[in-house]
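give me coordinates for this.
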Amino acid sequence: AVPGTPDILIMKYNGNQLINTADEKPDDMQLSEFSDKGAEDKFSQEYLYDANGNMISDMNKKIENIDYNHLNLPQDIEISNNGLQHLYYTYDAAGIKLRKFAEGLTTDYVGSFVYKNNVLQYILTDYGKIIPSGTSFTREYNITDHLGNIRVTFNETGEILQEDSYYPFGLTMQGLSYQTGNKSYNANLYLYNGKELQQELDLDWYDYGARMYDAQLGRWHVVDPSAERDHSFSPYIYCADNPIRYFDPDGRWFDDKNERRAARIIKKVDRVIEKLDNQITKLTTQGKSTGDRADRVAQLKQSKTDIADMRNDTNTEYRYSGVNSKYAKNNNIVGPTATQTGVNGNGDNVVTMFTENKMGSKLHEGRHGGDIARGTLQFNANGGYGVSHEISAYKAQYSWKGQLQYRDQPNQAVMLQRMMAGQDPTTGTITNINQINRNVVNSMVDPGFVPIYPPRNANGALIIPLNI
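Numbering: from 1, shown residues only. Purely as a prediction, here's the structure:
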């Protein structure tokens with residue numbers, strides 16, 4: 001078989017909002033393709049929207065109504081499918097999906113663990129899944145392309161279980177896709193961009209976190225939460241209509257250089273969290289102390305929240321840059337810092353996090369970026385900057401490796417103790433997160449042994465610096 005021609009869709013709009021779709025070529029060879037089940041003409045309104053711009057009705061999918069929560073996430077989708085049926089979603093306060101219920105089946109999402117009707121189905125990993133098999137576990141591995149699309153799934157013996165090829169906007173090519181005939185295999189639904197396909201009641205949307213994506217139409221049905229960043233694009237458009245170059249990490253904004261950097265940070269942080277969680281479980285089982293691992297996990301999760309809050313800040317653009325970059329030199333940056341570096345073309349403030357090429361440094365400056373996004377730190381005299389901000393940032397930095405070195409000017413007894421231990425007498429080492437306190441931060445000095453914190457002027461008054 002060969003892949004079919006993509007749908008030929010005739011779309012009618014009211015402003016940015018789609019109101020009618022007609023398929024001029026309904027007999028395609030695509031999986032989960034668009035089905036023209038709405039109005040017979042090309043002018044009747046098939047889609048309805050609420051005051052927030054969320055689609056609440058779709059005649060083609062037989063969606064009668066969608067009830068959204070305060071984050072514009074669907075929590076009740078009513079679909080006419082052999083009678084009126086419901087697809088329910090439950091989220092936490094931050095919009096993280098916790099539960100899905102449809103057709104008598106409850107799916108619970110507990111971090112990386114996924115349960116169906118209270119039975120563990122699989123554990124998501126960076127490489128694929130861990131699947132319960134009797135009293136043991138089996139593993140499935142994924143091969144992805146440059147956009148994060150899952151292309152091949154295979155097992156521990158190398159047997160190919162599933163292959164998927166995609167048209168640019170996400171429809172699966174029937175002629176170039178394969179699934180094993182092994183009845184024990186449950187199809188992988190994490191497909192386009194690595195997102196989970198919602199197959200219940202023939203919905204066929206991809207869950208990106210902040211929004212649901214309709215690959216059949218190549219668009220979102222909810223306004224982009226970050227739409228104010230760029231008014232040149234429709235708030236319903238997918239990846240600036242360039243899905244071969246860009247991918248959308250969570251449904252807020254199409255990918256660019258800084259978004260890719262943030263996504264890489266999150267991916268690396270997730271790996272360390274998983275490693276620490278495994279250590280905590282093992283040590284607890286053995287009746288041994290887990291040390292400060294739980295605190296490190298909490299700080300790493302907070303670092304993910306820092307990035308999420310920066311993404312949600314529609315009034316500020318956040319950037320990453322190297323402390324030794326040309327951009328840093330042009331801004332007279334001499335060390336790791338987060339600072340306002342101007343205004344972009346949309347009139348938004350730009351905050352740049354200049355970091356060393358170390359993950360700890362990125363988490364440190366990212367904490368300041370998160371504080372700025374949350375409004376707890378500002379670039380003015382009322383910014384409230386204090387040693388507490390640095391304590392928090394150094395805890396984020398420490399959480400990466402569980403160790404932190406800093407330069408200080410200790411007393412003679414401490415210097416002698418370090419020298420006898422074969423250490424640099426002017427370098428302190430933190431090995432527990434609770435050691436990071438006001439006294440330690442205030443004792444830190446730069447390479448020239450000039451105190452770093454708290455920053456004060458010649459009269460001893462606290463400075464609210466632009467460089468944090």
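
for the stretch 351-468 of the chain, which segments are assigned as strands?
With DSSP state E, counting those that start in this stretch as the definition, the stretch 351-468 of the chain shows strands at residue ranges 404-407, 427-430.

tell me which of those lies nearest to Asp76.
Ranking those by proximity to Asp76 (Cβ to Cβ) places strand 404-407 first, at 47.4 Å. Using the backbone N, CA and C atoms, a C-beta is placed for each residue, glycine as well.

need the residues that contact the closest one.
When contacts are defined by Cβ atoms under 8 Å, 6 or more residues apart in numbering, strand 404-407 is touched by residues 360, 394, 397-398, 426-430, 436, 440, 444-447, 449.

what strands line up against it, and which way round?
Strands that pair with strand 404-407, judged by DSSP bridges, come out as strand 427-430 (antiparallel).

run through the bridge partners of Lys97.
For Lys97, the beta-bridge partners under DSSP bridges are Tyr91.

can you redo the strands of the stretch 351-468 of the chain as TSV with mean neighbour count?
Formatted as TSV, the strands of the stretch 351-468 of the chain follow (neighbours: other Cβ atoms under 10 Å):
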stretch	mean neighbour count
strand 404-407	16
strand 427-430	16
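
where in the stretch 351-468 of the chain is pLDDT low?
Along the stretch 351-468 of the chain, the model assigns pLDDT under 70 to residues 379-384, 454-468.

kindly report the same for the stretch 201-350 of the chain.
Within the stretch 201-350 of the chain, the stretches falling below the threshold (pLDDT under 70) are 228-230, 252-256, 345-346.

which stretches of it form helices?
Secondary structure of the stretch 201-350 of the chain (DSSP state H, counting those that start in this stretch): helices at 257-285, 293-312, 326-330.

tell me the one of the contacts of strand 404-407 nearest Phe113?
For Phe113, the closest of these turns out to be Tyr398, at 27.7 Å, with distances computed as Cβ to Cβ.

unless I'm mixing things up, that closest one is touching Ile433, no?
Yes. A contact is recorded between Tyr398 and Ile433 when judged using Cβ atoms under 8 Å, the distance being 5.6 Å.

joint contacts of these two?
Here Tyr398 and Ile433 have 296, 299 as joint contacts, going by Cβ under 8 Å, 6+ apart.

neighbour count for the two, which is higher?
Neighbour totals were compared for Tyr398 and Ile433, and Tyr398 leads with 24 against 20 (other Cβ atoms under 10 Å).

identify the residue spatially nearest to the more buried one, adjacent ones excluded.
Setting aside the residues directly before and after it, Tyr398 is nearest to Leu404 in space (Cβ to Cβ, 6 or more residues apart in numbering), at 4.4 Å.

what pairs with that neighbour across the strands?
So, taking DSSP bridges as the rule, Leu404 has Ile430 as bridge partners.

now it: how far from Ala294?
Applying Cβ to Cβ, to the nearest Å, one obtains 18 Å for the distance of Leu404 from Ala294.

thinking again about what came up before, out of the strands of the stretch 351-468 of the chain, which is closest to Glu40?
Glu40 lies closest, by Cβ to Cβ, to one member of the strands of the stretch 351-468 of the chain: strand 404-407, at 67.9 Å.

that concludes my questions; thank you for your assistance.
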